[in-house]
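Q: Below are the sequence and a predicted model for it; my questions follow.
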Amino acid sequence: MPQSRTAPFLTAAFLALLAALAGLKMCRDVAPDVFWQLKDGERIVREWRLPVREDYSFTASGKPLVATEWLAEAVAYVAFRAAGYGGLVALHAALFLLTFILLLALIRRRLAPLASLCLLSLCAFAFVNFYHTKAQNWTFLFTALFLYWADLWEGGNEGVAWAMSGALLVWARTCTEGSWSAGPSSPSSA
């Protein structure tokens, strides 16, 4: 097959391999806090309200809680409920796949296809210790998305600023780690 026909296939196969390797690592190394995050997600989905007090800690039981990752926890619970731990792994492997696609699109704007795949391989290797079913994966995705959009903006596409502002509201509800937010994260912080 000519080069032009094989390159997209090889790129897609390479991206699928990266996502599969991330998924295998997540199956092997279960994050220790995934189960209480799933429990919080269950409460959010079933009760349609955000947790406002700590219920899963012996030392902080009953103390006020600001839910900063509530959207990620609710989505994780829905994936877990639909397909078990495999569904949760698939969700997070998809987040890494989308992150890698965005990084590759950004890198390819400056490097040749082979060089961009090599650089993406280094990026994927750098993520090895972060391949877990955790809310932080949403931050990896949104960071890659914002880098890509910033590059488009730098190239003269001013319309991406509107997309960035809308996406920021979603990002602030998936993984903020309490460091920043676009408004109240939960009723207790209002």
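A: Yep, that arrived.
Q: just checking, T139 touches R173?
A: No. At 11.7 Å, T139 does not count as touching R173 under the criterion of C-beta atoms under 8 Å. Just so you know, the C-beta spots here come from the backbone N, C-alpha and C atoms, and that holds for glycine as well.
Q: more crowded one of the two?
A: Using other C-beta atoms under 10 Å, the more surrounded residue of T139 and R173 is R173, with 23 against 20.
Q: Tell me the secondary structure at the more buried one.
A: Three-state call for R173 (DSSP: H, G, I helix; E, B strand; the rest coil): helix.
Q: how many other residues sit next to the nearest residue in space to it that is not next to it in sequence?
A: Spatially, and ignoring its direct neighbours in sequence, R173 is nearest to L71 (3.9 Å; C-beta to C-beta, 6 or more residues apart in numbering). L71 has 21 neighbours, counted by other C-beta under 10 Å.
Q: next one: L18
A: L18, neighbours per other C-beta under 10 Å, totals 23.
Q: Kindly report the same for L104.
A: 23.
Q: now do R110
A: Using other C-beta under 10 Å, R110 has 10 neighbouring residues.
Q: Would you agree it falls within a strand?
A: No. Using three-state DSSP, the secondary structure at R110 is coil, not a strand.
Q: Got phi/psi on it?
A: phi -130, psi -20 (degrees, to the nearest 10).
Q: Tell me how many other residues surround V45.
A: V45 has 14 nearby residues by other C-beta under 10 Å.
Q: Next up, the contacts around the most centrally placed residue in the chain.
A: Among the residues of the chain, the one closest to the centroid is W138, at 2.1 Å (C-alpha atoms, centre = their mean). Contact analysis of W138 by C-beta atoms under 8 Å, 6 or more residues apart in numbering lists 72, 95, 171, 174-175.
Q: Need the nearest residue in space to it, chain neighbours excluded.
A: Spatial nearest neighbour of W138, excluding adjacent residues (C-beta to C-beta, 6+ apart): T174 at 3.8 Å.
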